[in-house]
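Enquirer: here is the input, now give the coordinates:
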Amino acid sequence: MSFSETIFLFFLALLVFGPKKLPEIARTVGKYLAEFRRASNEFKSQIEQEIANIEREENYKKHQAAKAELMTKTEPPAGTASRTLEAPAEEPATLAAPSPEAAPAEASQGATEAVPASEPVITPTSQETHA
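Expert: As a prediction, this is how the structure comes out:
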């Protein structure tokens with residue numbers, strides 16, 4: 001609205017309502033405009049708040065889904081230790097005695113039997129071997 005249109009509306013209101021009623025009408029219109037602005041600002045802030053809450057919930061759900069996906073992975077990344085209670089896939093090497101089926105074949109080849117660490121190892125002395 002241009003300045004000339006505003007002046008024209010002011011003179012028209014002055015003629016219609018008179019000089020005594022015009023300030024009272026202007027105050028009332030000003031109050032209603034201020035109330036309308038306040039209500040629209042509250043509405044805008046409520047909408048923005050709801051949008052922020054929805055975005056926060058979506059981010060939380062994405063975070064929980066990513067966390068659940070990481071927790072369900074069975075293999076740890078390369079170079080890291082596993083903290084699961086599952087048994088390892090292959091048996092570790094031990095110093096246990098060979099199986100009974102393989103013992104006769106190895107005995108004929110001069111294989112020695114493994115002795116548990118709790119038993120003392122007795123080696124023949126040079127005098128015992130000559131006797």
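Enquirer: count of neighbours near A13?
Expert: Residues contacting A13 under the criterion other Cβ atoms under 10 Å number 14. Bear in mind the C-beta positions are built from the backbone N, C-alpha and C, glycine included.
Enquirer: can you pull the contacts of it?
Expert: L22, I25 (Cβ atoms under 8 Å, 6 or more residues apart in numbering).
Enquirer: again, only using 6 Å
Expert: Contacts for A13 were tallied using Cβ atoms under 6 Å, 6 or more residues apart in numbering; there are none.
Enquirer: host element of it?
Expert: Assigned by DSSP states H and E, A13 falls within helix 3-17.
Enquirer: over to K21: give its phi and psi.
Expert: The phi and psi values for K21, taken as degrees, to the nearest 10, are phi -90, psi -20.
Enquirer: how many other residues sit next to it?
Expert: K21, neighbours per other Cβ under 10 Å, totals 12.
Enquirer: same question, R27
Expert: Applying other Cβ under 10 Å, I find that R27 has 10 neighbouring residues.
Enquirer: any idea how far it is from P19?
Expert: 14 Å (Cβ to Cβ, to the nearest Å).
Enquirer: longest helix of the chain?
Expert: helix 22-72 (DSSP state H).
Enquirer: what's the angle from it to helix 3-17?
Expert: Here helix 22-72 points in a direction 120 degrees away from that of helix 3-17 (axes from the mean of the first three to the mean of the last three Cα atoms, to 10 degrees).
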